[in-house]
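In: How does the following fold in three dimensions:
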Amino acid sequence: MGTISVSHENEVTRKIITNGKLILPDSILEDGYIIIENGKIAAIDKGLPTLNDSDEIIDAAHQYISPGFIDLHTHGAGGADFMDGTVKAYLTVAKTHARYGTTALLPTTLTCPDEELFNTFEIYRQAKKQNTTGAKFLGLHLEGPYFSYNQRGAQDPTNLKVPIPEHYTKILSATDDIIRWSIAPELEGALELGKLLSKKQIIPSVGHTDAICEDIIEAHKAGYSLMTHLYSGMQTVTRRNTLRYAGAVEAAFLIDKMDVEIIADGIHLPKYLLQLIHKFKGPDRIALITDSMRGAGMPEGEYKLGSLREGQTVIVEEGVAKLLDRSAFAGSVATADRLVRTMVQLAEIPLTDAVKMITATPARILRMEDTIGSLEVGKTADILLFNDQIRISRTIINGQTVYRI
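Out: All right, here's what the predicted structure looks like:
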């Protein structure tokens, strides 16, 4: 098994995936086929198409044929982190995630010194041009530095800031590649930043926040439309003196048009919370994310959380990263296939719902649903083959196989 080097020369007119169970937006088509031409889906139907001598036939062998998985939030995999500051790290993460079904992702930063952040912008531009064998880069996700100190999690407290125009306009002027930005909306200046980002078609997302429900309602009016890793880095019901206040989690449930992302590894969120979120929000408002660090796709052991130079040492064991004293989680090591498997096998959610939450829903959140996120004629041929256990056997990106067993 391994990664395939992609050839950009069209040696055949068409690729045809046959004999599979197609996962369509709201149903599964048995004994289906897909025709791929010029990197796009040209036809979908049942049975066998009329074949040409030059066609490349891919027998799905009764496996599922699925849209490629889209990860809105990942920091690393394969021993590399996007904060390592090298093109090699970017390409390693992209190639590793492709092995587990991710065909597109948002490289995600951590709170860091400005110099390191601006360097990341340049590395991203270089890596995107060279990325031909891994999950596509759709844009950058900035996680921080505008976060609550009390809800900082693994974010470096020495680099936390309050959003002021002089700072964030400098960041926005340095790159056009930012597609979403996670921010604590209760901070002074955060609502104004949310409005600015919305005008620029950048998604303001609520994250690492001490906000209560009232704050989130105001933030939503200012453009904040997504909750970063729901339940992690935020409050539920709190008490101030004699009064109880609904928290950010309750706000996510109350606001119908608020999207949420969840780390569906079965550890950050156990079975019943996964079921609760699914019941309240439904698959059209939930995006499954890995939020993975460099230990994803790697053996258990010690790894650096964040950059190799500045990161802290953590231990990966029992399917999750932990602080060395085992007092708290220190990041996810999930891969995209594991998220789907967890939702189906642990949370007992239908496969079509689980797949939608990592394909069509994130595509819609990114406003890219016209080109990716589902198996439909005319869309980009980002396609997976996997078995009943959601084990990936082939990953196709832009019509080219980049991984197969």
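
In: Show me where the stretch 201-350 of the chain has its helices.
Out: When secondary structure is read from DSSP state H, counting those that start in this stretch, the stretch 201-350 of the chain shows helices at 213-221, 248-254, 271-281, 336-341.

In: Identify, out of the ones you listed, the most deeply packed stretch.
Out: Of all the helices of the stretch 201-350 of the chain, helix 336-341 has the most neighbours on average by mean count of other Cβ atoms under 10 Å, namely a mean of 26. In this view, the C-beta of every residue, glycine as well, is placed from N, C-alpha and C.

In: that older thread, tell me which of the helices of the stretch 201-350 of the chain lies nearest to H73.
Out: Nearest to H73 among these is helix 336-341; the distance by Cβ to Cβ comes to 11.3 Å.

In: for the closest one, packing partners?
Out: strand 69-74, strand 286-289, helix 351-356 (3 or more Cβ pairs under 8 Å, 6 or more residues apart in numbering; DSSP states H and E).

In: hmm, 10 Å instead?
Out: Judged by 3 or more Cβ pairs under 10 Å, 6 or more residues apart in numbering; DSSP states H and E, the packing partners of helix 336-341 are strand 69-74, helix 87-99, strand 102-107, strand 286-289, helix 351-356, strand 383-386, strand 392-397.

In: Relative to A296, which of those is closest?
Out: Taking the helices and strands packed on helix 336-341 one by one with Cβ to Cβ, helix 87-99 is closest: 7.0 Å.

In: Centre of the chain to that closest one, how far?
Out: Offset of helix 87-99 from its chain centre (Cα atoms, centre = their mean, to the nearest Å): 14 Å.

In: Can you check what angle separates it from strand 392-397?
Out: Between the axes of helix 87-99 and strand 392-397, defined by axes from the mean of the first three to the mean of the last three Cα atoms, to 10 degrees, the angle is 120 degrees.

In: now helix 87-99 against strand 102-107, angle please.
Out: Using the same axes, to 10 degrees: helix 87-99 against strand 102-107 is 140 degrees.

In: Give the buried residues for helix 87-99.
Out: V87, A89, Y90, L91, T92, V93, A94, K95, T96, H97, A98, R99 (16 or more other Cβ atoms under 10 Å).

In: Dump these to a markdown table, plus pLDDT and distance to E143.
Out: Output for these, formatted as a markdown table (pLDDT from 0 to 100; distance: Cβ to Cβ, whole Å):
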| residue | pLDDT | distance to E143 |
| --- | --- | --- |
| V87 | 98 | 21 |
| A89 | 98 | 17 |
| Y90 | 98 | 16 |
| L91 | 98 | 21 |
| T92 | 98 | 20 |
| V93 | 98 | 15 |
| A94 | 98 | 18 |
| K95 | 98 | 22 |
| T96 | 98 | 20 |
| H97 | 98 | 17 |
| A98 | 98 | 22 |
| R99 | 98 | 24 |
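
In: For the most centrally placed residue in the chain, give its distance to K379.
Out: Central residue of the chain (Cα atoms, centre = their mean): D71, 1.9 Å from the mean position. Using Cβ to Cβ, to the nearest Å, one gets 18 Å for the distance from D71 to K379.

In: Tabulate the helices and strands packed on helix 336-341 (TSV), appending distance to H141.
Out: As requested, those are exported to TSV (distance: least, Cβ to Cβ, whole Å):
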stretch	distance to H141
strand 69-74	6
helix 87-99	13
strand 102-107	4
strand 286-289	10
helix 351-356	21
strand 383-386	22
strand 392-397	20
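
In: Nearest to G153, out of those?
Out: Nearest of those (Cβ to Cβ): strand 69-74, 13.2 Å.

In: Show the subsequent helix or strand relative to that closest one.
Out: strand 76-77 (DSSP states H and E).

In: Mind listing the strands that next one pairs with, and their directions?
Out: Strand 76-77 has its sheet partners listed here by DSSP bridges as strand 80-81 (antiparallel).

In: Report the rounded mean pLDDT for the strand it pairs with.
Out: Averaging pLDDT along strand 80-81 gives 98.

In: which residues sit against it?
Out: Among residues not part of strand 80-81, those counted as contacts by Cβ atoms under 10 Å, 6 or more residues apart in numbering are 74-75, 86, 88-96, 107-110, 292-296, 298, 303-308, 311, 331.

In: what do you get if the cut-off is 6 Å, keeping everything else the same?
Out: H75, A89, T92, V93, R294 (Cβ atoms under 6 Å, 6 or more residues apart in numbering).

In: chain center to it: distance?
Out: Using Cα atoms, centre = their mean, the offset of strand 80-81 from its chain centre is 15 Å.

In: got it, and stretch 146-161?
Out: Per Cα atoms, centre = their mean, the centroid offset for stretch 146-161 relative to its chain is 22 Å.

In: what do you get for stretch 376-389?
Out: What separates the centre of stretch 376-389 from the centre of its chain is 17 Å, taken as Cα atoms, centre = their mean.

In: The helices and strands packed on helix 336-341: which one's closest to I35?
Out: Of those, nearest to I35 by Cβ to Cβ is strand 383-386, at 11.4 Å.
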